[in-house]
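**Student:** show me the folded form of this:
(one chain, ligands or ions: 1)
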Amino acid sequence: MSSQSKIVTLPGDGIGPEIMDAAKALMTELGGIEWVDHDLGGVAIDNHGKALPDETLAAAKASDAVLLAAVGGPKWDSTNPDDPRPEQGLLGIRKGLDLFANLRPVKPIPALYASSPLKEERISGTDLVVVRELTGGIYFGDKSRVDDVATDICAYSVTEIERIARIAFKSARTKVTSVDKANVLETSRLWRETVVRVHQEEFADVPLDHLLVDNAAMQLVSAPSEFDVILTENLFGDILSDEAAMITGSIGMLPSASISGDGPGMFEPVHGSAPDIAGQGIANPLAMFLSTAMMLRHGLDRAADAARVESAVDSVLDGGLRTADLGGDADTASVTNAVLAAL
Ligand code: NAD
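**Tutor:** Below you'll find the model as predicted:
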């Protein structure tokens, strides 16, 4: 990566601009990143009449990475199906950048174990990543409705499975657990066969095991610390990543990365635009910081700086500083300043 990376920042709506300002302060401190703001979501509907303006997509395609805060809000809620909607911006940019892999790390922070619905002894030591295929499977297959019968086709090609499997093996630190339903579904049998072959041919040194999705759902809550990378298809990944997210108990903490083959990836918090607290300066910026860390690691090849940001976030929480969503009374600015100081 050149010394100066060029990224596109998408502040979006609600608390989006507030937490994006915090991320910009962090990037200034880290150095080596230039950004340019573009409109996406509700703000783009207001300024351009659609949620994903052509210039936003063109700039994103030409960038090294895209950093998104959040989009949406009651202002753009409408029951008229012809009205533009902020989510169209999200889906459009994911498709436009061919973001076929979604990575969601789940690593509860010891200082926040009490916020989890699970017992501390169960979640202690959990540090996993769900690697979800994002552009294939049943969500994108043909759909039909004839009389009182409906169908959704689930299709996967070998190429689609190979490329997501490679992302999972590259993300592994101790092992990959591939999740499917190979006892019932033909797509799952192709999935398993392909994952096994990619493993043998390219990543034989990474331990690999397989779980049926129903068993995986149980293991995730009974022994989450046993997982490292969970590799799975679109529908199973949608459900398992939300289940895994609940282990941490706090949505204001979770980052995500969506990546493609060679093009730029997009990095964003899992939470939405939190319209209920927008404009008050009290949003938790930590998911945004952890998303910036994912951008450093997966988008800009700066793994050491990513680890610095993650440690700074850990140490601020260890010190007891909390925004309101975590039961404290610190505001966005004081948490931001504390993380910058801890860097
Ligand atoms: P939300 O995640 O915005 O908010 C849920 C609750 O969590 C709210 O009480 C909110 O105040 C709180 N919260 C979320 N992030 C927080 C943070 N960083 N700091 C402190 N508190 C935080 O979900 P929602 O209320 O269902 O959706 C609000 C809007 O966001 C909707 O328009 C929805 O479509 C949109 N949305 C966008 C994305 C995205 O941009 N990726 C994701 C989910 C929802």
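**Student:** can you list the domains in the protein?
**Tutor:** Domain ranges of the chain: 1-104+251-343, 117-247, per automatic domain parsing.
**Student:** could I get these as JSON lines with distance to residue 110?
**Tutor:** Bear in mind the C-beta positions are built from the backbone N, C-alpha and C, glycine included. Compiled in JSON lines, those are given as follows (distance: least, CB to CB, whole Å):
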{"stretch": "domain 1-104+251-343", "distance to residue 110": "8"}
{"stretch": "domain 117-247", "distance to residue 110": "8"}
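**Student:** out of the ones you listed, nearest to the ligand?
**Tutor:** When those are compared by CB to the nearest ligand atom, domain 1-104+251-343 sits nearest the ligand, at 2.5 Å.
**Student:** can you show me the strands along the stretch 201-343 of the chain?
**Tutor:** With strands called from DSSP state E, counting those that start in this stretch, the stretch 201-343 of the chain shows them at 208-212, 229-232, 255-259, 265-269.
**Student:** by contact count, what packs against the last one?
**Tutor:** Translated: strand 265-269. Applying 3 or more CB pairs under 8 Å, 6 or more residues apart in numbering; DSSP states H and E, one finds that strand 265-269 contacts strand 65-70, strand 255-259, helix 286-294.
**Student:** pLDDT on it, on average?
**Tutor:** Mean pLDDT, strand 265-269: 97.
**Student:** okay, angle between it and strand 255-259 too, please.
**Tutor:** Strand 265-269 and strand 255-259 are oriented at 160 degrees to each other (axes from the mean of the first three to the mean of the last three CA atoms, to 10 degrees).
**Student:** and strand 265-269, which strands flank it?
**Tutor:** If you go by DSSP bridges, strand 265-269 pairs up with strand 65-70 (parallel), strand 255-259 (antiparallel).
**Student:** give me whichever of these is most buried.
**Tutor:** strand 65-70 (a mean of 28; mean count of other CB atoms under 10 Å).
**Student:** distance from the next helix or strand after it to the middle of the chain?
**Tutor:** Note on strand 65-70: by DSSP states H and E, the next helix or strand toward the C-terminus is helix 86-96. How far helix 86-96 lies from its chain's middle: 14 Å, per CA atoms, centre = their mean, to the nearest Å.
**Student:** circling back to that earlier point, could you dump the strands paired with strand 265-269 to CSV with distance to the ligand and mean pLDDT?
**Tutor:** Conversion of those to CSV gives the following (distance: least, CB to the nearest ligand atom, whole Å; pLDDT from 0 to 100):
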stretch, distance to the ligand, mean pLDDT
strand 65-70, 4, 98
strand 255-259, 9, 95
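**Student:** residue 134: which of those strands is closest?
**Tutor:** Comparing those by their distance to residue 134 (CB to CB), the top pick is strand 255-259, with 6.3 Å.
**Student:** relative to helix 86-96, how tilted is the closest one?
**Tutor:** 50 degrees.
**Student:** can you pull the contacts of residue 194?
**Tutor:** Contacts were defined as CB atoms under 8 Å, 6 or more residues apart in numbering; by that measure residue 194 touches 158, 161-162, 165.
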